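**Q** coordinates only, no sequence provided:
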């Protein structure tokens, strides 16, 4: 068997590099062929030979992984503290509590009072008397005025219409109505302060009953 290694034992003339058996001749040859390098900071040192890679291996530089740049840190905006309101204190250092009251509701102004126009009283007709004092008959003139005429005797001396309203269509000369100033065209409206009835017959009867108490003259 000579000097052959047995059962995987290494030869004395070989060297194991990175799991491979390298002979002394290969090692010497790689030392003479391998370039040397020097420390750039220390030039006076002896160049140290770089061991060659094992046979069948190639020296491939491994790129250095640059660490990923972290994104710039973003800071949250600083919240400015809200200043607290100044403490309400009295002279002795106590706390002053202010009570808020509701505003006083002003009462709504009432509209100015409106006064109704004063009704002028209608003058009452003169007192209605019996036969000795006379009878008051009210007429409406052509000017729409009310005239109260006091008749004191018969005959009246009036000629009246044959239907309502009772219009004076004739005033006899020398008679009582003429003496009192009654005029044609006047309208009889009331007898002794009462309105005439709604019918011609009743109005004539009311006039006859009111005047029959008057004294009869020639």
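**A** Happy to help now that I have it. Just so you know, these numbers come straight off a predicted model, no measurement behind them. Residues are numbered from 1 along each chain as shown.

**Q** which residues does residue 149 bridge with?
**A** residue 137 (DSSP bridges).

**Q** and it, what does it touch?
**A** Residue 149 sits next to 136, 137, 138, 139, 177, 180, 181, 182 when contact means CB atoms under 8 Å, 6 or more residues apart in numbering. For the C-beta atoms, the positions are set from N, CA and C on the backbone; glycine is no exception.

**Q** from residue 66, how far off is it?
**A** Per CB to CB, to the nearest Å, residue 149 is found 139 Å from residue 66.

**Q** now do residue 165
**A** 131 Å.

**Q** can you show me the strands along the protein?
**A** For the chain, the strands defined by DSSP state E occupy 14-17, 20-23, 36-37, 48-49, 135-140, 146-151, 158-160, 166-171, 187-191, 194-195.

**Q** what helices and strands are in contact with the longest helix anywhere in the chain?
**A** Ranked by residue count under DSSP state H, the longest helix found in the chain is helix 200-211. Counting contacts by 3 or more CB pairs under 8 Å, 6 or more residues apart in numbering; DSSP states H and E, helix 200-211 packs against strand 135-140, strand 166-171, strand 187-191.

**Q** if you set the cut-off to 10 Å instead, what comes out?
**A** Helices and strands touching helix 200-211, by 3 or more CB pairs under 10 Å, 6 or more residues apart in numbering; DSSP states H and E, are strand 135-140, strand 158-160, strand 166-171, strand 187-191, strand 194-195.

**Q** how about it: buried residues?
**A** Buried positions in helix 200-211, judged by neighbour count with 16 or more other CB atoms under 10 Å: 200, 203, 204, 206, 207, 210, 211.

**Q** and what of stretch 183-200?
**A** Buried residues in stretch 183-200, defined by neighbour count with 16+ other CB under 10 Å: 186, 187, 188, 190, 191, 192, 196, 200.

**Q** please identify which of the residues you listed is nearest to residue 158.
**A** residue 188 (8.5 Å; CB to CB).

**Q** so that closest one touches residue 168, yeah?
**A** Yes. Contact criterion CB atoms under 10 Å: residue 188 and residue 168 qualify, at 7.2 Å.

**Q** overlap in contacts, these two.
**A** 139, 158, 160, 161, 182 (CB atoms under 10 Å, 6 or more residues apart in numbering).

**Q** could you dump the contacts of residue 149 to JSON lines with neighbour count?
**A** Listed next are the contacts of residue 149 as JSON lines, based on neighbours: other CB atoms under 10 Å:
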{"residue": "136", "neighbour count": "19"}
{"residue": "137", "neighbour count": "25"}
{"residue": "138", "neighbour count": "20"}
{"residue": "139", "neighbour count": "21"}
{"residue": "177", "neighbour count": "21"}
{"residue": "180", "neighbour count": "16"}
{"residue": "181", "neighbour count": "10"}
{"residue": "182", "neighbour count": "22"}
